[in-house]
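Student: Just a sequence and a predicted model for now, questions to come.
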Amino acid sequence: KDKVKPVINVGIIGFGVVGCGVYDIFQRNARAIELRVGSKLVVKRVADTDPDRPRPIEFDRSILTTNPEEIINDPEIDIVAELIGGVDPAQDYIMAAIRNGKHVVTANKELLAKSGHSLLVEAGERKQDFYFETSVGGGIPIINPMKTSLAGNHIREIKGIVNGTTNYILTRMAEEEKDFEEVLTEAQALGYAERDPTNDVDGHDAAYKIAILASIGFMSRVDVSEVYREGIRNITQKDIAYAKELGYKIKLLAIAKEIDGQMQVRVHPAMIPVNHPLASVSHVYNAIYINADPVGNLMFYGRGAGAEAAGSAVVGDIIDVARNINTGSTGRISCTCFEEKVLQSMDEVQCKHYIRMKTTDKPGVLSAISTVFGANNVSITAVLAKSTGEPGSAESIWVTHTAPEPSVRLSLEAISALPVVTEVSNWIRVEE
Ligand code: HSE
């Protein structure tokens, strides 16, 4: 009891959408937070390069500075929340804060995925806390539950819809029968997609997040530069319509599996059965589906971004740290990468595949194509033959049984070379 501090001071670096959300939660739920921690939590100082930007909250402007050093070097600040994102200069700020004895909370997925290990080790060796719940799934509790409530399990598989922007685009493409570019432009106008959408639509954001989840789930560091990544730019209205006809939805999936002690970690569009729980995750919502022994299947669902959702997770972390400060138990959970597991290449991946191709429309075309699949030991489970509306031309859609990725790639190389095949238009993995 003697150790309980009457006041625990927090400094926020990055006073944008999430920073303001955090500040607001501390005002709104001050009484409950104080009761839960046993201390008053005070946002003593906030730092931002742009002091004048419009902010949706009332706050005491005397706490605002443009100099993060005023937080990092303030001996009265116990906990620093880094909410600027990106590697540089966030990494230097966090390292300096840890070395000054501060506990750190961050939402920074890119930094975590690229150099979380050194920061965790630095904090852990000093018995300080370094929490990052917000980095994956925004408001969804997933990292702390994996490290605590699920610590008795062997995590076998993690499948997530962890990028709200791409899920919003794919949902609207499916609902309104629009193409990617049209929905992207509208999403940008509405503020759901960035002006430069690369980080989201090409799967970088999802790759950072699944690298973080896999490293915790499988207790092994994952090098994010080696995570296979494919975005959603090639998904067309046609593929979405054929997926529906075949009983699937197309989602940008972040997948991590442990197979025979090795890891598969990948991000790509995938067809999932319409009755899979992830298929009903729409618009900007995120969800993470976990299979673990002994708990079985779990799904964590909620808003993956925004002031309130992300603010909730940041404040949750700050409260956890504050409780640890009061009980003298900071640094309890540091880096959990106790093993070094091999990251498999895509050649090891086995799943079903959807393939759409354009051909000439004459007898023997489908049998010529199926002969090539057969010769490569790829078995077919469904075929749709469609007219294209152009005379002499046809479209066919093929779904394979589970097959090794190289066999499908070799089949498609040979099929593309057939004189009757005009083009292999798309190839999408199917995750059952
Ligand atoms: N850009 C991310 C998304 C939100 O679209 O989900 C922050 O992680």
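Tutor: Yep, it's here.
Student: Look at the nearest residue in space to Gln91 that is not next to it in sequence and report its pLDDT.
Tutor: Distance criterion CB to CB, 6 or more residues apart in numbering; nearest residue to Gln91, sequence neighbours excluded, is Leu111 at 5.7 Å. C-beta here means a position set from N, CA and C on the backbone, and glycine is covered the same way. What the model reports for Leu111 is a pLDDT of 98.
Student: before we move on, what about Gly191?
Tutor: pLDDT for Gly191: 89.
Student: interface residues of this protein facing the ligand?
Tutor: Contact residues, the chain versus the ligand (CB under 6 Å from any ligand atom): Asn163, Gly164, Thr165, Asp200, Asp205, Gly304, Ala305.
Student: and the second one, how many neighbours?
Tutor: Gly164 is flanked by 23 other residues according to other CB atoms under 10 Å.
Student: ok, now which ones touch it?
Tutor: Gly164 is in contact with Gly138, Tyr192, His283, Val284, Tyr285, Asn286, Arg303, Gly304, Ala305, counting by CB atoms under 8 Å, 6 or more residues apart in numbering.
Student: Please convert those to JSON lines, extending it with distance to Gly311.
Tutor: Formatted as JSON lines, these follow (distance: CB to CB, whole Å):
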{"residue": "Gly138", "distance to Gly311": "9"}
{"residue": "Tyr192", "distance to Gly311": "19"}
{"residue": "His283", "distance to Gly311": "20"}
{"residue": "Val284", "distance to Gly311": "16"}
{"residue": "Tyr285", "distance to Gly311": "17"}
{"residue": "Asn286", "distance to Gly311": "16"}
{"residue": "Arg303", "distance to Gly311": "11"}
{"residue": "Gly304", "distance to Gly311": "13"}
{"residue": "Ala305", "distance to Gly311": "11"}
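Student: quick check, nearest of these to the ligand?
Tutor: Nearest to the ligand among the contacts of Gly164: Ala305, at 3.7 Å, using CB to the nearest ligand atom.
Student: doesn't the closest one fall inside a helix?
Tutor: No. Assessed by DSSP: H, G, I helix; E, B strand; the rest coil, Ala305 does not belong to a helix; its assignment is coil.
Student: In contact with it, which residues are there?
Tutor: By CB under 8 Å, 6+ apart, the residues touching Ala305 are Gly138, Gly164, Val284.
Student: among the residues you listed, which are in helices?
Tutor: Here DSSP state H is the test, and those give Gly164 as lying in helices.
Student: Next, format the contacts of Ala305 as CSV and append pLDDT.
Tutor: Below are these laid out as CSV (pLDDT from 0 to 100):
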residue, pLDDT
Gly138, 97
Gly164, 97
Val284, 96
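Student: So which of the contacts of Ala305 is the closest to Trp398?
Tutor: Gly164 (31.7 Å; CB to CB).
Student: Check the offset of stretch 193-206 from the chain's centre.
Tutor: Mean C-alpha position of stretch 193-206 versus that of the full chain (CA atoms, centre = their mean, to the nearest Å) differs by 11 Å.
Student: what's the span of it from first residue to last?
Tutor: Using CA to CA, to the nearest Å, one end of stretch 193-206 lies 14 Å from the other.
Student: Next, format the contacts of Ala305 as JSON lines and append distance to Val342.
Tutor: Converted to JSON lines, the contacts of Ala305 look like this (distance: CB to CB, whole Å):
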{"residue": "Gly138", "distance to Val342": "31"}
{"residue": "Gly164", "distance to Val342": "32"}
{"residue": "Val284", "distance to Val342": "35"}
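Student: Mind jotting down where the strands sit in the stretch 151-300 of the chain?
Tutor: Taking DSSP state E, counting those that start in this stretch to define them, one finds strands in the stretch 151-300 of the chain at 154-161, 228-229, 248-259, 262-273, 285-293, 296-303.
Student: Out of these, which is closest to Ala241?
Tutor: In terms of CB to CB, the element of the strands of the stretch 151-300 of the chain nearest to Ala241 is strand 248-259, at 10.3 Å.
Student: Turn the strands of the stretch 151-300 of the chain into TSV, including mean neighbour count and mean pLDDT.
Tutor: Formatted as TSV, the strands of the stretch 151-300 of the chain follow (neighbours: other CB atoms under 10 Å; pLDDT from 0 to 100):
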stretch	mean neighbour count	mean pLDDT
strand 154-161	21	98
strand 228-229	18	98
strand 248-259	24	98
strand 262-273	22	98
strand 285-293	21	98
strand 296-303	15	98
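Student: Which of those strands sits closest to Gly316?
Tutor: Of the strands of the stretch 151-300 of the chain, nearest to Gly316 by CB to CB is strand 296-303, at 12.5 Å.
Student: Against which helices or strands is the closest one packed?
Tutor: strand 285-293 (3 or more CB pairs under 8 Å, 6 or more residues apart in numbering; DSSP states H and E).
Student: Can you tell me the strand partners of the strand it packs on and which way each runs?
Tutor: strand 154-161 (antiparallel), strand 296-303 (antiparallel) (DSSP bridges).
Student: quick one, phi/psi of Ile397?
Tutor: The phi/psi pair for Ile397 (degrees, to the nearest 10) reads phi -120, psi 130.
Student: is it in a bridge, and if so with what?
Tutor: Arg356, Leu384.
Student: from what I can see it touches Ile355, true?
Tutor: Yes. Between Ile397 and Ile355 there is a contact at 7.2 Å, judged by CB atoms under 8 Å.
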